[in-house]
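> Mind looking at a prediction? Sequence and model below.
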Amino acid sequence: MHDERVLRFLDPAALVELTEEMVRFPTVNPPGDEGPLADFLAEELRALGLPAEVQPLAEGRANVIARLPGSGERPGLILSGHLDVVSPGEQPWRTPPFTPTLVGDRLYGRGTADMKGGCAALIWAAVAIQRCEQPLKGDLILALTAGEEVDSIGARRLVESGRLQGAGGVLIAEPTGLEVYVAEKGVVWLEIITHGRTAHGSMPELGVNAISQMAEVIRRLETLALPARPHPVLSPPSLNIGLIQGGVKINVVPDRCRLEVDIRTLPGTTSQDVLRLVQGLLDDLARQRPGFAAEVRLLQERPPVETSPAAPLVQTTLRIVQQRLGRTLTPGGVPYGTDGSVYAPLLGIPMVICGPGRAELAHQPDEYVEVPALLAAAEIYTLVIRDLLVA
């Protein structure tokens, strides 16, 4: 089936409606609470003709998986999306974040771009393939997971369960503005704690202020030279001070301060490389500042991953996206992490990232996805599946 008749089985109005329904579920992570959405989607998938299964993870948390079996002539394809979102934050929104609002061509709401719109497009692509009734030469696996925004626990549990056996590639619908990406940075999250000595706030000279000690740590971190070799598609490594906690009362010298640091790495740099670098910084401060005491530990890590642009999955996706958008694209890389950091290394498969929505809108107030991009994504995914598993 080399023509585009399969696109007739897409339902644009139902695709937008499904995105809206998903946004209404406040799956903020932490804690996640993806279970109710997973149950809802499983029922929707079954009603649409796709065999769906809910994989419970913990109370209130779950994945949803649907598998269309193929003949086994070709490796299977995973369609990857995540159900959790980040908090709306404290900045006011123009529209309620969990009340989807259509303004012109823009659908506003938390998760519209990152990435419930992408999930809905994947679902309708699978539905179109199922309804065209053409035999598949490899399994089509729809994997909608919990926990991607924190630790990818859903993706890890899927791999451990064996439900992804036979997959030969993964298409990830994270927001890229429909650009095609083949690499993502690694993630290293660190906790740093400085220790001081408490005293009355009117006599600070009798204590050691842990917050002041941490201020010096932050100053050094912001000029830290992170290890990296130049990469063809990824930007340099980055460091963000994401959270700080310290003190118990305004008139008490704080004896403890806690910092969380988000570092994004390039291929060739490990979490242990970063830990050694930060530990060296703390050791230098201990030698230079009497009374300085601090410790660092690893909170979480994800490896950087990359796929060859020559991989058939990438070349097929690139060709179809270029045809739909009418312009030439060059495969790039993303600064954020995805469930690809689990699937690609653990399953030993190539990945490609391509989704509706603009990446810079992720985690921002007034997040939105453009409806034409949402529909284009569903068409792209449908044609990629057609060419990889049907044609």
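Structure received. Numbering: from 1, shown residues only.
> Okay, the residue lying closest to residue 314 once chain neighbours are set aside and residue 77: tell me how far apart.
Leaving aside its sequence neighbours, residue 314 sits nearest to residue 352 (Cβ to Cβ, 6 or more residues apart in numbering; 5.1 Å). (C-beta placed from N, C-alpha, C; glycine too.) Per Cβ to Cβ, to the nearest Å, residue 352 is found 10 Å from residue 77.
> low-scoring stretches of the stretch 1-150 of the chain, by residue?
By pLDDT under 70, the low-scoring segments of the stretch 1-150 of the chain are 1-3.
> where do the strands sit along it?
52-58, 61-68, 76-82, 101-103, 106-108, 140-145 (DSSP state E, counting those that start in this stretch).
> Looking at the ones you listed, which is nearest to residue 197?
Among these, strand 52-58 comes nearest to residue 197, with 40.1 Å by Cβ to Cβ.
> ok and that closest one relative to strand 61-68, angle-wise?
Taking axes from the mean of the first three to the mean of the last three Cα atoms, to 10 degrees, one finds strand 52-58 and strand 61-68 inclined to each other by 160 degrees.
> what does strand 52-58 contact?
Applying Cβ atoms under 8 Å, 6 or more residues apart in numbering, the contact partners of strand 52-58 are 35, 38-39, 41-43, 45-46, 62-66, 146-147, 153-154, 157-158, 161, 163.
> Could you chop this structure up by domain?
5-184+305-390, 186-302 (automatic domain parsing).
> any chance of those domains in a markdown table, with mean neighbour count too?
As requested, these are exported to a markdown table (neighbours: other Cβ atoms under 10 Å):
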| stretch | mean neighbour count |
| --- | --- |
| domain 5-184+305-390 | 20 |
| domain 186-302 | 16 |
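> Can you tell me which residue is spatially central in the chain?
residue 338 (3.6 Å; Cα atoms, centre = their mean).
> and after the longest helix seen in the chain, which helix or strand comes next?
Assignment by DSSP state H gives helix 271-288 as the longest helix of the chain. The first helix or strand that comes after helix 271-288 along the chain, using DSSP states H and E, is strand 293-302.
> For residue 352 and residue 77, list the residues in contact with both.
Listed as contacting both residue 352 and residue 77 by Cβ under 8 Å, 6+ apart are 169, 170, 171, 313.
> Out of those residues, which two sit at the greatest distance?
170 and 313 (8.1 Å).
> any shared contact partners between the two?
Jointly contacting residue 170 and residue 313 under the rule Cβ under 8 Å, 6+ apart are 77, 350, 351, 352.
> quick one: contacts for the nearest residue to the third one once chain neighbours are set aside?
Leaving aside its chain neighbours, residue 351 sits nearest to residue 340 (4.1 Å; criterion: Cβ to Cβ, 6+ apart). Under the criterion of Cβ under 8 Å, 6+ apart, the contact list for residue 340 reads 80, 170, 172, 184, 305, 351, 353.
> Isn't the fourth one up against residue 305?
Yes. Checked against Cβ atoms under 8 Å, the pair residue 184 and residue 305 is within contact range at 5.8 Å.
> any common contacting residues for those two?
Common neighbours of residue 184 and residue 305 (criterion: Cβ under 8 Å, 6+ apart): 340, 341.
> hang on, the earlier thing: how about CSV for the shared contacts of residue 170 and residue 313, with distance to residue 140 added?
Conversion of these to CSV gives the following (distance: Cβ to Cβ, whole Å):
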residue, distance to residue 140
77, 6
350, 16
351, 16
352, 15
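> can you tell me which of those are in strands?
77, 351, 352 (DSSP state E).
> just the strands in the stretch 251-391 of the chain please.
Secondary structure of the stretch 251-391 of the chain (DSSP E, counting those that start in this stretch): strands at 256-265, 293-302, 305-306, 332-334, 351-353, 368-370.
> residues in contact with residue 292?
Counting by Cβ under 8 Å, 6+ apart, residue 292 has contacts 194, 213, 216, 285, 286.
> My understanding was that residue 253 contacts residue 208; is that so?
Yes. Using Cβ under 8 Å, residue 253 makes contact with residue 208 at a distance of 7.4 Å.
> Find residues that contact each of those two.
Listed as contacting both residue 253 and residue 208 by Cβ under 8 Å, 6+ apart are 196, 197.
> Of the contacts of residue 340, just say which sits nearest to residue 226.
Set against residue 226, the nearest of the contacts of residue 340 by Cβ to Cβ is residue 184 (16.4 Å).
> quick one: contacts for the closest one?
234, 304-306, 333-338, 340-341, 353.
> could you check the distance from the closest residue in space to residue 91 that isn't next to it in sequence over to residue 120?
Residue nearest to residue 91 in three dimensions, not counting chain neighbours: residue 365, with 4.6 Å by Cβ to Cβ, 6+ apart. As judged by Cβ to Cβ, residue 365 and residue 120 stand 22 Å apart.
> ok, back up a step: now do the contacts for the residue nearest to the centre of the chain.
Taking Cβ under 8 Å, 6+ apart, we find residue 338 in contact with 80, 148, 172, 174, 184, 351, 353.
> Okay, now the unreliable bits of the stretch 151-300 of the chain?
Within the stretch 151-300 of the chain, no range satisfies pLDDT under 70.
> now the strands of the stretch 251-391 of the chain in CSV, with distance to residue 23?
As requested, the strands of the stretch 251-391 of the chain are arranged in CSV below (distance: least, Cβ to Cβ, whole Å):
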stretch, distance to residue 23
strand 256-265, 26
strand 293-302, 26
strand 305-306, 29
strand 332-334, 23
strand 351-353, 21
strand 368-370, 10
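> So which of those strands is nearest residue 112?
Across the strands of the stretch 251-391 of the chain, residue 112 has its closest neighbour in strand 368-370 (4.2 Å, Cβ to Cβ).
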